[in-house]
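1. Kindly generate the corresponding structure for this input.
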Amino acid sequence: MPASKVILLSEPKLMIYTEPEHQLMVVQANGEVPSATYRSGLQLATDEAIEKGLQYWLVNNKAGGIITPADQNWANEVIAPLLAHKSRIRKMALIEPEDVVSHLILESMMDSARSIFPFEMQFFGKVEDAYEWFRDSEV
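-> As a prediction, this is how the structure comes out:
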């Protein structure tokens, strides 16, 4: 499923891009992302997903670092409602981080948002499995 990318943000710790032909937003962390980069990047990704009517969202946090409690709260209070009520997202896949603490943080954030998200969310060990899950929706 990997296809041409439209890069929205390319920072040492965070890359955000779309794959327009697959209606996909990708947020990919590379280690611990500074708070300002995390927030501006996530806002940019959310705005683009809403504007373009994207249907799929992939969080690749395999090499991600710890998301601070303040950033977790911000994402749940600001970004989650936008994705829930203004986007056309149908599925969100999360690639499991290598470290347990990051995994628990992501799981907690998703649990907090699950009650308002009208779409499916699932963890995957490999990016390819997430792409397959998205592809299953297209039939």
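2. Return the helix or strand in the protein with minimum mean pLDDT.
-> Ranking every helix and strand in the chain by mean pLDDT, DSSP states H and E puts helix 100-114 at the bottom, with a mean of 76.
3. Whichever helix or strand comes after it: partners in the sheet, and parallel or antiparallel?
-> For helix 100-114, the following helix or strand on the C-terminal side (DSSP states H and E) is strand 120-124. Partners of strand 120-124 in the sheet, by DSSP bridges, are strand 91-95 (parallel).
4. tell me the angle the strand it pairs with makes with helix 100-114.
-> For strand 91-95 against helix 100-114, the angle by axes from the mean of the first three to the mean of the last three C-alpha atoms, to 10 degrees is 170 degrees.
5. and residue 53, how far is that from residue 29?
-> To residue 29, residue 53 is 25 Å away according to C-beta to C-beta, to the nearest Å. Glycine gets a C-beta too; all of them are placed from N, C-alpha and C.
6. which helices and strands does the longest helix seen in the chain pack with?
-> Selection of the longest helix in the chain by residue count, based on DSSP state H, yields helix 35-52. For helix 35-52, the elements it packs on are strand 6-10, strand 14-19, strand 24-31, helix 69-74, helix 80-86, judged by 3 or more C-beta pairs under 8 Å, 6 or more residues apart in numbering; DSSP states H and E.
7. These: which one's closest to residue 59?
-> Comparison of those against residue 59 by C-beta to C-beta identifies strand 24-31 as nearest, at 5.1 Å.
8. State the pLDDT value of the residue most central in space within the chain.
-> The residue lying closest to the centre of the chain (C-alpha atoms, centre = their mean) is residue 59, at 3.3 Å. For residue 59, the pLDDT comes out at 92.
9. Please tell me how far the residue lying closest to it once chain neighbours are set aside sits from residue 4.
-> In this structure, residue 59 finds its nearest non-sequential neighbour in residue 94, 4.7 Å apart by C-beta to C-beta, 6 or more residues apart in numbering. Distance of residue 94 to residue 4, given as C-beta to C-beta: 23 Å.
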